[in-house]
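# what shape does this take:
(2 chains)
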Amino acid sequence: MNRDHVLVQRPGPLTSVVIENVRILDPGAGIDTHGDLVIVDGKIGGDPTGLARIDGTDCIVVPGFVDPHVHLRTPGREDTEDISSGSRAAAAGGYVAIAAMPNTQPVVDDAQDLARLRELAAEQAVIGVGFICAITKGQLGVELTEAAELAELGAAALSDDGRPVSNAAVFRRALQYQHLAQLPLTLHEEDMDLSAGGSMHEGAVSARLGVGGIPAVSESVAVARDVALASYEDARIHICHVSAKETVEEVRLGKLRGVQVTAEVSPHHLLLVDEDCESLDPATRKMNPPLRAIDDRDALLAALIDGTLDCIATDHAPHGPSEKELPFEEAPFGVTGLETAFASLYTHLVLPGKLPLEILIARMTCDAARVLDLPIPTLIEGATANLALINLETRWIVGEGGFQSKSRNSAFLGTELTGHVTLTIAGGQNAWQV
Amino acid sequence: MSAHRSLVAIGDLSRDEITHVLELSDRFAEVMSRDIKKVPTLRGRTIINLFFEASTRTATSFELAGKRLSADVINVKATGSSVEKGETLKDTVLTLSAYQPDVIVIRHGAAGAVASATRYTEAAVINAGDGKHEHPTQALLDLYTLRKVMGKIEGLHVAFVGDVLHSRVARSGAIALQRMGAKVSFIAPPTLLPRGAAQGLGVHVSHDIADIADADVVYALRMQHERMGTGGFVPSLREYATQYGIGHQRLRPGQRVMHAGPINRGVEITDQLADDPAALITTQVEGGMVVRMAVLYDLLSDPKVQREAHDVSAMVAA
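Numbering: from 1, shown residues only, chains lettered A, B, ... in the order given. Okay, the predicted model is just below:
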């Protein structure tokens, strides 16, 4: 099935520019060279004569990032994010394509909801935005949505994100129906009975803080079930925001057995741990799945490098101040991530030598696109320009210049990061320029 | 952010600071033995007790402590206040802070509520219990009681028995006791022992009630039905009582028993033991007030924020 129509972007003028003296890095296409990158009428390559020029000293130009997992809070909570602000936040982070989860108010679960969002995106989105629809109506876990029709209308995938499909028989039917609808199933994995009452990772820190614990097994048992069912139905699944080392093992075993399973990991799970929750500040430290222990974090990084975890996804989850100014145990889960994803990972993993830059770029671009069958951004001559220009020397304080997002519940608020996106071209159009 | 020092978690206090509070408590205990039990120390200061959860001991003792120090004390309870109209903790704290209190004492059902409140007031904030998180003044009064009864804390072995999972008393107590050089054990049914407690709190953990034999002090914890929800953490209270209930038959001579109250007689502690002098329950309650006087005095006598000097000698001379 052709998936080009999944992403929607506001039409606009096409960019023509020369980025001079820049490292051109596209791991997916095997490109790593130094020189000038020419963009003419929104496409890579062509005649640079007479074009505007941008100095690329200290910069890399890479294929634009792809995020298979964001929350744009539209419809229903446009006070915390909308398609315009969310897509601008993404562009500011170097993203050219994002897929929005359907756990909105109301849930995106039918053709009308999807069509309305795609119309809005065609008016507002500065980068490609795809819309994921619910697996079950209202995300209630009972009746399947009309997935074949949703697929025809351009749904990016199906997900009940925010909650699992608890009933195994319902989930099994969703897997069976995938053979007709052909949509990726992207799964929030959580045994809600095991995680009930929890606000942070269950372990030494939760024992000390007396905060209700979310055990690692509440995630891994759900993944084990779904990998087994996907295997049995010869279906394909994508595991959202892997947080626990036990889950990494389930994904690894599934892949070894040839199950069609992919998985994502978030920057905050790669960089922060339960010890960081001592402040009990929900705005920056409360998310689901929770920040886990140091050995979980280390297992996630190893798995990202060896490919067990396929890609980075931010799980960008904007919340308004009134929601996050509640006591830790009462506040909602979620942190924003689009504007800091690359810089946080570059600063804390690439610069200290823990993660090769080439792998990070691959996991944020081609590998991320593949998990949802989205078009793969590339710098190959002739391709539509979907790229990010990043100055690797610039240091900046998160939040100091405000956010493009309407919300500021960033896990990295107030911290200094290195690496700043200065230009994003999405679909051949300027989406962000400093 | 609070300009005063606050007391959110017992771990915020060093060993020296804890010792200072205990010594201050002794001075206030002396004052309380006089005919006239009121001193002018905190005259002109305002203390607001903001209780979102039920409390007898803590609420009463904070109120009395403030009044005996001559502070103006206002009690706000969630029931009958604007909290019932859906006001958030932030707005309640902002509203009360407009009256410029010196201290806000908060009890709340959610861990992190007191830390959250410090972000919205200039007043010193005292944690009077937030969810399962901490109850630092309980830990201080327990230290005060042990020091008074046992003569010292260093080298003591205190075993917390029972519902550790839901107990802010055990958590703050374990941190405080170890800081003062005591050994701490958690002895509990497997379902009521938080995973990671040994590593996270440095305590010895056991499921075997016979292990209380090693302890100088057995601290019986209340079974907190109200935090357990449905399904139950033990098959029955009857079985819990037979397996873990503390009575004379489980104790050796000289062992002391503590309980933070309110007690479930016949569940975590037998009727007979609760009324026995070996149980320090009422001594703990007595200590509660003077320790809270000491904490209030200590927070408000911070030289950086002191508006009106009152040194301890002036107070005792009053």
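
# pick out the residue of chain A closest to chain B.
For chain A and chain B, the shortest gap (Cβ to the nearest Cβ) falls at residue A:328, measuring 2.8 Å. Just so you know, the C-beta spots here come from the backbone N, C-alpha and C atoms, and that holds for glycine as well.

# what about that residue, neighbour count?
The number of residues packed near residue A:328 is 27, by other Cβ atoms under 10 Å in any protein chain shown.

# phi, psi of the closest residue to it other than its chain neighbours?
If the residues on either side of it in the chain are set aside, residue A:328 comes closest to residue B:112, at 2.8 Å by Cβ to Cβ, 6 or more residues apart in numbering or on different chains. For residue B:112, the backbone dihedrals (degrees, to the nearest 10) come out as phi 90, psi -10.

# ok, now which ones touch residue B:112?
Applying Cβ atoms under 8 Å, 6 or more residues apart in numbering or on different chains, we find residue B:112 in contact with A:211, A:280, A:282, A:327, A:328, A:329, B:130, B:131, B:133.

# kindly recompute the last result at 10 Å.
A:199-200, A:209-211, A:277, A:279-282, A:285-286, A:326-331, B:8, B:130-131, B:133 (Cβ atoms under 10 Å, 6 or more residues apart in numbering or on different chains).

# for the residue of the stretch 151-300 of chain B found nearest chain A, which three-state class applies?
Closest approach of the stretch 151-300 of chain B to chain A (Cβ to the nearest Cβ) occurs at residue B:200, with a separation of 3.3 Å. The three-state label for residue B:200, taken from DSSP: H, G, I helix; E, B strand; the rest coil, comes out as helix.

# out of everything not next to it in sequence, what's closest to it?
Closest to residue B:200 by Cβ to Cβ, 6+ apart is residue A:204, at 3.3 Å.

# equivalent analysis for residue B:156, please.
In space, residue B:156 is closest to residue B:182, 4.4 Å off (Cβ to Cβ, 6+ apart).

# give me the neighbour count for the one you found.
22.

# how about it, what does it touch?
Going by Cβ under 10 Å, 6+ apart, the list of residues near residue B:182 reads B:143, B:146, B:150, B:152-158, B:173-174, B:176, B:216-217.

# can you name the two of those residues that sit furthest apart?
B:152 and B:174 (18.1 Å; Cβ to Cβ).

# between the two, which is the more surrounded one?
Higher neighbour count among residue B:152 and residue B:174: residue B:174, with 28 against 11, using other Cβ under 10 Å.

# filter the contacts of residue B:112 down to the buried ones.
Buried members of the contacts of residue B:112, counted by 16 or more other Cβ atoms under 10 Å in any protein chain shown: A:199-200, A:209-211, A:277, A:280-282, A:285-286, A:326-331, B:8, B:130-131, B:133.

# in helices only, show me the residues you listed.
Within the buried ones among the contacts of residue B:112, residues falling in helices by DSSP state H are A:209, A:282, A:285.

# how close does the residue nearest the centre of chain A sit to residue A:363?
In chain A, the centroid-proximal residue (Cα atoms, centre = their mean) is residue A:313; its distance is 2.7 Å. Per Cβ to Cβ, to the nearest Å, residue A:313 is found 10 Å from residue A:363.

# what touches both of the two?
With Cβ under 10 Å, 6+ apart, residue A:313 and residue A:363 have common neighbours A:264, A:265.

# show me which residues of the stretch 151-300 of chain A sit near chain B.
A:193, A:196-197, A:199-213, A:215, A:274, A:277-283, A:285-286, A:293 (Cβ under 10 Å from any Cβ of the partner chain).

# nearest residue to residue B:99 in space, please, no chain neighbours.
residue B:46 (6.8 Å).

# where does that neighbour land on pLDDT?
Predicted confidence (pLDDT) at residue B:46: the value is 96.

# any idea how far it is from chain A?
The gap separating residue B:46 from chain A is 24 Å, by Cβ to the nearest Cβ, to the nearest Å.

# phi first, then psi, for that residue.
phi -120, psi 130.

# next: residue B:103.
phi -140, psi 140.

# so who does it touch?
With Cβ under 10 Å, 6+ apart, residue B:103 has these contacts: B:2, B:4, B:6-7, B:42, B:45-49, B:62, B:66, B:71, B:73, B:121, B:123-126, B:295-296, B:299-300.

# same thing but 8 Å
B:4, B:45-48, B:66, B:71, B:123-126, B:296, B:299-300.

# in chain B, what residue comes closest to chain A?
Counting by Cβ to the nearest Cβ, chain B gets nearest chain A through residue B:112, at 2.8 Å.

# coming back round to it: on the pLDDT front, check the residue nearest to residue B:156 for me.
98.

# okay, and the residue most central in space within chain B sits in which element?
The centre of chain B sits closest to residue B:138, judged by Cα atoms, centre = their mean, with a distance of 1.5 Å. Of the helices and strands defined by DSSP states H and E, residue B:138 is found in helix B:136-150.

# ok, the closest residue to residue B:247 other than its chain neighbours - contacts?
Among residues not flanking residue B:247 along the chain, residue B:270 sits closest, at 3.6 Å (Cβ to Cβ, 6+ apart). Going by Cβ under 8 Å, 6+ apart, residue B:270 touches B:245, B:246, B:247, B:248.

# among those residues, name the buried ones.
B:245, B:246, B:247.

# what sits up against the helix or strand where residue B:23 lies?
Residue B:23 belongs to helix B:15-32 when assigned by DSSP H and E. With contacts defined as Cβ under 8 Å, 6+ apart, helix B:15-32 is touched by B:13, B:37, B:39, B:68, B:140, B:143-144, B:147, B:176, B:179-180, B:287, B:289-291, B:293-295, B:297-298, B:312, B:315-316.

# pLDDT below threshold where in the chain?
This is for chain A. For chain A, the stretches with pLDDT under 70 are A:1-2.

# sorry, I should have been clearer: chain B.
Applying pLDDT under 70 to chain B flags residues B:1-4, B:229-231, B:302-318.

# chain A contacts on that one?
B:88-90, B:108, B:110-113, B:115-116, B:119-120, B:130-134, B:167-168, B:171, B:175, B:194-197, B:199-201, B:229 (Cβ under 8 Å from any Cβ of the partner chain).

# pretty sure residue B:232 belongs to a strand, no?
No - Residue B:232: not assigned to a strand; according to three-state DSSP it is coil.

# tell me the angle the lengthiest helix in chain B makes with helix B:136-150.
Criterion DSSP H: the longest helix present in chain B is helix B:281-300. Between helix B:281-300 and helix B:136-150, the angle comes out at 120 degrees (axes from the mean of the first three to the mean of the last three Cα atoms, to 10 degrees).
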